[in-house]
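Asker: pasting the structure only:
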């Protein structure tokens, strides 16, 4: 058959079945990813599909089978490397289950999130992993229930009626404060940025709670811009008026990265002149100099667990809502030093 | 109507039309995003859709209308912040055109890319922006032609038969070499990582060509691991045997970031002991200390242009293939110094 002929003739499932030497019914089972087909037969049919260029019309098929073998993942942004690590973990689990993952970005705004969710629903994804945009309300639970669409919240939660995979942000911040106190620090500031959501509130709560427990007056939570280069420019905000922190705990590693650059510009040596703790422990923490002490939230693991929760939810829609909170761990490197007694 | 009733009753397009006080035909035009409907009417119908929770069954509709108003974007990885900036540029253009973007990751492998492309096709995306995985051959052109699916190559190209948006990697590397030579450097190494593809080859070609033009013996291209923390550990690879570069040009800013950490560990001061140039000029380049001199490829602009090419291609499928090559610009900051004559 010439290439021209191949293009014009539409390959049918029967063609695939003949090519693979199986019945049409068996080929159909393979196409619908039925577990009733043995691995060897599956491989032969899939090879025939590839060789003949067979296209499974998923749009039409979904109207029958209601499965697209695609997971939608909705994130608020992609610029924080944290999300790349989270998505990498999800993809490993989704991929192992034979599904494909498609990602959409909300820019952390509910209006755009509404459009994105609607579009993913229209595309017939089997389920969604959602990091709710800041400002999302618990009304989303009844909306999703009405849609009959399996959905797992990740990193942030707005309702107890839907599954959730996240990290113990409160305990992580407590551990950071405890560590600095054990090194003799008492003037400890909290450097934050970005919109307010559950993961933000839990971090602030963990910080303030621990400071209070140690009888320390926390410096106010200081807000920085979104971008790492802008954070560097505004590092002075930590030292205005009567504030003189000897240590700074950051909302995430991105803030720590920006402040580290700002400290460099001001001739402040991290470790010697000021101690710095990040949060999330992304790969960049290990690449900073001095290496950044950071609270590990293990984004890759959270991603894996969120995917596992969603796969369970798809298989068993009636399960009660589940919560999985990853314990955090302080990863001590070189950015904090004991406060010398003066 | 009680909430329970709302859930059980399926909202029809006629319900929406009545609620918005328009004809069913007008409501249908809004749903199909027809330009024939005025803005005020459109808004009223869309508000009614939201209020009633109307779902447009895109799977069924696509079989009629062949438009999903969704663009698929296929990238080899998400861990390099370069891709976040590229996607941000695309999203701005795609969003402005009233479309939604969904992203899929190939892990830079052709088998996974084949699955992802097939899945996006099955979901009926209107078009695809593809950064071809390393190892993709020009056979993809005839495959895509057979699919009748608008597709634009971005960053890397494997065929002249499809549109392409990228940067002038050759000229960018030439400019980096010229700058270092103007500072008196002669022993200049090239630090690379990742798989080989057109954008890799063009960078190497630009470097080697410029070195030859200046009568300089280039150090061999030195290969580093993927991850920034691993690059730091292997920075010594630049200085083995008779190699003693006074300046290093990096394949991208991620390599530069890793080497900067490695130089710190070895007590080498960037600028004083060794000059360093990155490539891409992502936001991290501005946040490095000393600030990284880097060749700007303007990923945000490339993303915008790739989206514009795709929108044109969707509107006019018969256009001849187009190429858009973004000029690069050396962004001089603080990581290079004149070589002191000895």
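Answerer: The structure has been received and is ready for your questions. Note that the coordinates shown come from a computational prediction; the quantities given were computed from them, not determined experimentally.
Asker: Now do the contacts for residue A:187.
Answerer: Going by CB atoms under 8 Å, 6 or more residues apart in numbering or on different chains, residue A:187 touches A:219, A:243, A:244, A:245, A:246, A:247. The way it works is simple: take the backbone N, C-alpha and C, and place the C-beta from them, glycine included.
Asker: Please report how far the last one lies from chain B.
Answerer: Using CB to the nearest CB, to the nearest Å, one gets 20 Å for the distance from residue A:247 to chain B.
Asker: can I assume that residue is in contact with residue A:271?
Answerer: No. Between residue A:247 and residue A:271 there is no contact under CB atoms under 8 Å: 10.6 Å.
Asker: Quick check: neighbours shared by those two?
Answerer: residue A:336.
Asker: Of the two, give the one with the bigger neighbour count.
Answerer: Taking neighbours as other CB atoms under 10 Å in any protein chain shown, residue A:247 and residue A:271 compare with residue A:247 leading, 24 against 15.
Asker: Residue A:72 belongs to a helix?
Answerer: No. Using DSSP: H, G, I helix; E, B strand; the rest coil, the assignment for residue A:72 is strand, not a helix.
Asker: and it, what are its bridge partners?
Answerer: Applying DSSP bridges to residue A:72 gives these bridge partners: residue A:102, residue A:128.
Asker: Residue A:120 is in contact with that one, correct?
Answerer: Yes. At 3.8 Å, residue A:72 and residue A:120 qualify as touching, with contact defined as CB under 8 Å.
Asker: Mutual contacts of those two, please.
Answerer: Residues touching both residue A:72 and residue A:120 by CB under 8 Å, 6+ apart: A:102, A:104, A:128, B:102.
Asker: Would you map the strands across chain A?
Answerer: Applying DSSP state E to chain A gives strands spanning A:70-75, A:100-105, A:127-130, A:151-154, A:163-167, A:188-193, A:221-224, A:247-250, A:275-280, A:293-296, A:323-326, A:329-331.
Asker: mean confidence score for the shortest one?
Answerer: Strand A:329-331 shows a mean pLDDT of 98 in the predicted model.
Asker: where's residue A:312 relative to chain B, distance?
Answerer: For residue A:312 relative to chain B (CB to the nearest CB), the value is 22 Å.
Asker: Count the neighbours of that residue for me.
Answerer: For residue A:312, the count of nearby residues is 15 (other CB under 10 Å).
Asker: what does the model give residue A:40 for pLDDT?
Answerer: 84.
Asker: One more: residue A:28?
Answerer: Residue A:28 carries a pLDDT score of 79 in this model.
Asker: And for residue A:124?
Answerer: Confidence score, pLDDT, at residue A:124: 88.
Asker: Which residues of the stretch 201-342 of chain A lie near chain B?
Answerer: Residues of the stretch 201-342 of chain A lying near chain B by CB under 8 Å from any CB of the partner chain: A:227-229, A:231-232, A:257-258, A:260-261, A:264-265, A:283-284, A:286-289.
Asker: Just the buried ones from the residues you listed, in PyMOL syntax?
Answerer: Per 16 or more other CB atoms under 10 Å in any protein chain shown, the buried members of those correspond to this PyMOL selection:
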select buried, chain A and resi 227+228+229+231+232+257+258+260+261+264+283+284+286+287+288+289
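Asker: which residues does the closest residue to residue A:286 other than its chain neighbours contact?
Answerer: Nearest residue to residue A:286, sequence neighbours excluded (CB to CB, 6 or more residues apart in numbering or on different chains): residue B:229, at 4.0 Å. Taking CB under 8 Å, 6+ apart, we find residue B:229 in contact with A:283, A:286, A:287, B:258, B:261.
Asker: for residue A:180, same thing?
Answerer: Residue A:180 neighbours (CB under 8 Å, 6+ apart): A:188, A:247, A:249, A:275, A:277, A:336.
Asker: hmm, try it at 6 Å
Answerer: A:188, A:247 (CB atoms under 6 Å, 6 or more residues apart in numbering or on different chains).
Asker: Then residue A:214?
Answerer: Taking CB under 6 Å, 6+ apart, we find residue A:214 in contact with residue A:181.
Asker: same deal with residue A:330?
Answerer: A:175, A:179, A:295.
Asker: What is the burial count for the closest residue to it other than its chain neighbours?
Answerer: Distances taken as CB to CB, 6+ apart place residue A:175 nearest to residue A:330, at 4.8 Å, with adjacent residues excluded. By the measure other CB under 10 Å, the count of residues near residue A:175 is 18.
Asker: One more: residue A:159?
Answerer: Residues near residue A:159, counting by other CB under 10 Å: 17.
Asker: That one is in contact with residue A:141, isn't it?
Answerer: Yes. Judged on CB atoms under 6 Å, residue A:159 makes contact with residue A:141 at a distance of 4.1 Å.
Asker: Select, from the contacts of residue B:229, the two members most distant in space.
Answerer: A:283 and B:261 (11.3 Å; CB to CB).
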